[in-house]
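*Asks:* Turn this into a model:
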Amino acid sequence: MSKLTHQQLAERIARDIPEGAYVNLGIGIPTQIANYLPADKEIFLHSENGILGMGPAPAPGEEDPQLINAGKQPVTLLKGGCFFHHGDSFAMMRGGHLDICVLGAYQVSERGDLANWSTGAPGAIPAVGGAMDLAIGARQAFVMTEHLTKKGECKIVRQCSYPLTGIGCIDRIYSDLAVMDVTPQGLVVREIFGGLTPQQLQDVTPVDLTFALQHGEQPHESSLSV
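*Replies:* Have a look, this model is predicted:
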């Protein structure tokens, strides 16, 4: 089964972020989206540790140990970028001031429920962090994830079995196999990657899917560069 790499998926999501948007990229693979945002598009990246105006990752050897994102990864700061108190950052998140957040996921339900902070494993340390604030506070919440776990289990489920981050909070799912919108009628597939047919995608997804491919296109191999 052909699927997108994390880099290809990050590039695909970057194309959907509109001019002028205020965006938070969650810890983990969503942070890679920053590297693919077009330079001619004014997009304001927010980090919950108190940064607005983040740029892409720095070149090797140019890292500033005092300039990091919420995942402790080195970042750059665009012209006009700023720093502020952690409390102010959470006020932005909770107050509906972010247009989009992109979060990773352990599971997403067909209703848009999100589980992304714990698998409920014994001895796990609770660490939901700001994920619940982002999932509920942003005007739109997207998920970036692999479609299947390493064991071949689908992360898109009828009902989450892991502890929830938010209920009915996800608007769109970007997996390495497809793009799906969460609607009141269920999941609507907008795009399929890797040359999969709708039936093949349905076969590995244990929820009912509706297919409304963009521009009437048939499923096709991704042309994104690695």
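*Asks:* Please work out how many residues are found near the nearest residue in space to Gly168 that is not next to it in sequence.
*Replies:* In space, and not counting its chain neighbours, Gly168 is closest to Gly112: 4.8 Å by C-beta to C-beta, 6 or more residues apart in numbering. All C-beta atoms are positioned from the backbone trio N, CA, C, and that covers glycine. Taking other C-beta atoms under 10 Å as the neighbour definition, Gly112 ends up with a count of 22.
*Asks:* What of the one 4 residues further on?
*Replies:* Around Asn116 sit 27 other residues, with neighbours defined as other C-beta under 10 Å.
*Asks:* and for stretch 112-120, what are the contacting residues?
*Replies:* Stretch 112-120 is touched from outside by 26, 103-108, 124, 126-129, 131-132, 135, 141, 143, 159-171, 182, with contacts defined as C-beta atoms under 8 Å, 6 or more residues apart in numbering.
*Asks:* gap between it and the chain center?
*Replies:* How far stretch 112-120 lies from its chain's middle: 13 Å, per C-alpha atoms, centre = their mean, to the nearest Å.
*Asks:* Would you indicate which residues of that stretch are buried?
*Replies:* In terms of neighbour count (16 or more other C-beta atoms under 10 Å), stretch 112-120 has its buried residues at 112-118.
*Asks:* Stretch 123-136 too?
*Replies:* 130-136.
*Asks:* Pull out the buried residues from the contacts of stretch 112-120.
*Replies:* 26, 103-108, 131-132, 135, 141, 143, 160, 162-166, 169-171, 182.
*Asks:* As a markdown table, the buried residues of stretch 112-120 with secondary structure would be great.
*Replies:* As requested, those are exported to a markdown table (DSSP: H, G, I helix; E, B strand; the rest coil):
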| residue | secondary structure |
| --- | --- |
| Gly112 | coil |
| Asp113 | coil |
| Leu114 | strand |
| Ala115 | strand |
| Asn116 | coil |
| Trp117 | coil |
| Ser118 | coil |
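*Asks:* Return the member of the residues you listed nearest to Gln8.
*Replies:* Of all these, Gln8 sits closest to Asn116, with 21.2 Å by C-beta to C-beta.
*Asks:* show me where pLDDT drops low in the protein?
*Replies:* 126, 215-226 (pLDDT under 70).
*Asks:* the helices in it, which residues?
*Replies:* Remark: helices assigned in the chain by DSSP state H are 6-14, 86-94, 131-137, 198-203.
*Asks:* Let me know the distance separating Pro184 from Gly168.
*Replies:* In this view, Pro184 and Gly168 are 10 Å apart by C-beta to C-beta, to the nearest Å.
*Asks:* what bridges to Ala178?
*Replies:* Judged by DSSP bridges, the bridge partners of Ala178 are Ile192.
*Asks:* Let me see the contact set for it.
*Replies:* Ala178 neighbours (C-beta under 8 Å, 6+ apart): 147, 189-193, 196, 201.
*Asks:* rerun that using 7 Å as the cut-off
*Replies:* If a contact means C-beta atoms under 7 Å, 6 or more residues apart in numbering, then Ala178 has 189, 191-193, 201 as its contacts.
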